[in-house]
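**Student:** Sequence and predicted structure are below.
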Amino acid sequence: MSPPLRPAIAGLGIIGLRVAAALRSRGLSPAVWNRSPLPDQPGWVSSPRALAEASDVLQFFLTDGPALLSVLSEMRPALGPGKIIVNSSTISLPDTKAAAKLVADSGAAFLDAPFTGSKTAAADGQLTYYIGGDPDLLETVRPLLEASAKEILFTGPSGSATILKIATNMVSSTVVGILSEAMGLVAAQGIALTHFEAALDRNAAASTLSRMKVPSMIAADFSPHFSLKNMLKDASFGLQLAHDSGLQLPILTTVAEGMAEMAGNGRGDDDYSVMACNYLPARA
């Protein structure tokens with residue numbers, strides 16, 4: 001019988017910290033590393049190479065593609081057959097392809113594995129992973145992903161999961177964008193936003209997202225579940241994919257401009273629902 005796979009987490013931000021905790025709750029002991037040192041974290045190692053040496057399956061939760069490629073390059077001497085890279089960072093399609101090639105050239109294996117779900121979902125083991133790549137490889141790492149997942153959705157070849165993640169985040173950002181505009185309109189007409197919340201809740205347009213975001217937007221609680229700067233980054237990926245495909249995305253373009261304005265005002269680390277402050281200045 002083969003020994004159990006040794007997990008590792010690279011990137012201990014909002015989600016990575018909670019996925020590491022979810023693994024520990026299953027009796028696993030992931031090695032962990034973060035660019036900003038967190039030596040008090042259980043399983044802490046001092047470098048990307050040490051992380052690769054201490055594990056078989058390395059799951060990444062990093063800010064962007066350049067960060068992922070940099071860390072993979074640092075750990076490359078410790079990669080090779082038997083090592084599996086699971087990239088759960090939301091990055092561009094070109095960076096996904098570059099990461100997959102770097103990993104393949106090292107002899108290791110690569111899964112394209114972005115997720116949907118907030119920090120609460122991560123803490124509760126309720127993330128949904130989109131998986132692009134070899135389905136047999138998915139089955140190998142499934143027990144580790146299940147520690148933090150309510151569902152694992154196979155999407156096809158590597159890159160497909162990244163595209164779907166970008167596309168679904170387009171929907172999330174534009175929904176919150178129009179919610180912000182609608183709430184601004186209601187407030188400008190002197191109607192209490194609690195009435196808007198009640199009316200929307202009974203409308204076919206209501207959704208899990210609106211029910212999650214509207215109360216916090218009314219309360220001006222913009223503590224980050226998904227930061228504005230990361231949603232803006234993902235919108236830029238969508239716009240680049242559209243450009244490469246010869247498409248125009250006027251709705252996403254407008255919402256991205258609003259997010260950029262808020263980020264430029266120093267709100268990039270707030271939840272992306274802080275877009276409401278473009279239309280509800282009293283909540284800024």
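**Tutor:** All right, it came through fine. Keep in mind that what you see is a predicted model, and the values were worked out from it rather than measured. Residues are numbered from 1 along each chain as shown.

**Student:** which residues in the stretch 1-150 of the chain form strands?
**Tutor:** Along the stretch 1-150 of the chain, counting by DSSP state E, counting those that start in this stretch, strands occupy 7-10, 31-33, 57-60, 84-87, 109-112, 115-116, 127-132, 149-156.

**Student:** could the ones you listed go into TSV alongside distance to residue 227?
**Tutor:** Just so you know, the C-beta spots here come from the backbone N, C-alpha and C atoms, and that holds for glycine as well. Formatted as TSV, the strands of the stretch 1-150 of the chain follow (distance: least, Cβ to Cβ, whole Å):
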stretch	distance to residue 227
strand 7-10	19
strand 31-33	21
strand 57-60	18
strand 84-87	19
strand 109-112	22
strand 115-116	15
strand 127-132	17
strand 149-156	22
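
**Student:** so of these, which one's packed in deepest?
**Tutor:** strand 7-10 (a mean of 29; mean count of other Cβ atoms under 10 Å).

**Student:** CA atoms of that one as CSV?
**Tutor:** Extracted in CSV, the C-alpha atoms of strand 7-10 (Å, rounded to 0.1, in the frame of the first residue of the first chain):
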residue,chain,number,x,y,z
PRO,A,7,0.2,18.0,1.2
ALA,A,8,1.6,21.5,1.1
ILE,A,9,0.1,25.0,0.9
ALA,A,10,2.0,27.9,-0.8
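
**Student:** Okay, now the sheet partners of that strand, with direction.
**Tutor:** strand 31-33 (parallel), strand 57-60 (parallel) (DSSP bridges).

**Student:** the longest helix in the protein is where?
**Tutor:** helix 160-188 (DSSP state H).

**Student:** Show me the residue at the heart of the chain, geometrically.
**Tutor:** Centroid-nearest residue in the chain: residue 90, 5.3 Å away (criterion: Cα atoms, centre = their mean).

**Student:** Nearest spatial neighbour of that one, chain-adjacent residues omitted?
**Tutor:** residue 114 (5.1 Å; Cβ to Cβ, 6 or more residues apart in numbering).

**Student:** and if you look at residue 229?
**Tutor:** Per Cβ to Cβ, 6+ apart, closest to residue 229 is residue 268, 3.6 Å.

**Student:** where's that neighbour relative to residue 27, distance?
**Tutor:** 37 Å (Cβ to Cβ, to the nearest Å).

**Student:** which of the two has more neighbours?
**Tutor:** residue 268 (20 against 8; other Cβ atoms under 10 Å).

**Student:** circling back: list the contacts of the residue nearest to residue 229.
**Tutor:** Contacts for residue 268 were tallied using Cβ atoms under 8 Å, 6 or more residues apart in numbering; they are 227-229, 232, 262.

**Student:** Tell me the most packed of those residues, by neighbour count.
**Tutor:** residue 228 (25 neighbours).

**Student:** was I right about it contacting residue 260?
**Tutor:** No - Residue 228 lies out of contact with residue 260 (Cβ atoms under 8 Å); the separation is 9.4 Å.

**Student:** and for the helix or strand of the chain with the lowest mean pLDDT, what are the contacting residues?
**Tutor:** Within the chain, confidence by mean pLDDT, DSSP states H and E is lowest for helix 119-123 among all helices and strands, at a mean of 88. Helix 119-123 is contacted from outside by 14-15, 18-19, 21-22, 126-127, 148, 150, 224-225, using Cβ under 8 Å, 6+ apart.
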